[in-house]
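[1] Sharing a model prediction with you, sequence too.
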Amino acid sequence: MTMESQRNSGSLTHIAEPPGVAPGTGYTQVVSGSGRLVAVSGQVAFDEERRLVGEGDPKAQARQVFENLRRCLAAAGADFSHVVKLTYFVTDVAFMPAIREARNEALGDLPLPASSAVQVAALFLPEVLMEIEAFAVVPE
């Protein structure tokens, strides 16, 4: 494992290229750490009044979802630097570039978390294009 493939950031270790595994594009293969686990339920693009933000616009929805994730993490004493895993549920994988752009805006230059993306037939409302959940580890 090269130094470029492993990066320590605070209490987390990011391993981009574990031996024998192809490197990922836009995510980290393995993130480990110790501390308090924070699980954030899947967030959608609702504002605080439960109004959908960005109907038909994956970029606007992704930005709102990451804002909701930020607020949920903050409520638990965490932020994006503590996120070890993001799971994306999308009604069309063609939305992933818009989601990655919103993710990059939210995370800035932080190491990327481990990630999974799943295209689903539908979410609970037809106008909801994505749902994203997060797992974080906060140092004790």
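    Thanks, I have it.

[2] what about Ala122, neighbour count?
    Number of residues near Ala122 (other CB atoms under 10 Å) recorded here: 8. Where C-beta positions appear, they are placed from N, C-alpha and C, glycine not excepted.

[3] pretty sure it contacts Thr91?
    Yes - with contacts counted by CB atoms under 8 Å, Ala122 reaches Thr91, the gap being 6.5 Å.

[4] what residue is smack in the middle of this structure?
    Here the mean C-alpha position of the chain is nearest to the C-alpha of Leu86 (CA atoms, centre = their mean), at a distance of 3.5 Å.

[5] wait, what's in contact with that residue?
    Counting by CB atoms under 8 Å, 6 or more residues apart in numbering, Leu86 makes contact with Arg103, Pro113, Ala114, Ser115, Ser116, Ile132, Glu133, Ala134.

[6] make it 10 Å
    Residues touching Leu86, when contacts are defined by CB atoms under 10 Å, 6 or more residues apart in numbering, comprise 27, 40, 66, 69, 80, 99, 103, 107, 112-117, 132-136.

[7] re earlier: which residues are common contacts for Ala122 and Thr91?
    Going by CB under 10 Å, 6+ apart, residues that sit against Ala122 and also against Thr91 are Val128.

[8] related to what we said a few turns ago, specify the beta-bridge partners of the residue nearest to the centre of the chain.
    Ser115, Ala134 (DSSP bridges).

[9] Ser116 versus that one, what's the distance?
    Taking CB to CB, to the nearest Å as the measure, Leu86 and Ser116 are separated by 8 Å.

[10] Next, show the common contact partners of these two.
    Tyr27, Glu133.

[11] mind listing what's buried in the longest helix along the chain?
    Ranked by residue count under DSSP state H, the longest helix found in the chain is helix 58-75. Applying a neighbour-count criterion of 16 or more other CB atoms under 10 Å, the buried positions in helix 58-75 are 58, 60-70, 72-73.

[12] Ramachandran angles for Gly77?
    Its backbone dihedrals place Gly77 at phi 80, psi 30, with angles given as degrees, to the nearest 10.

[13] now Pro139
    Its backbone dihedrals place Pro139 at phi -60, psi 150, with angles given as degrees, to the nearest 10.
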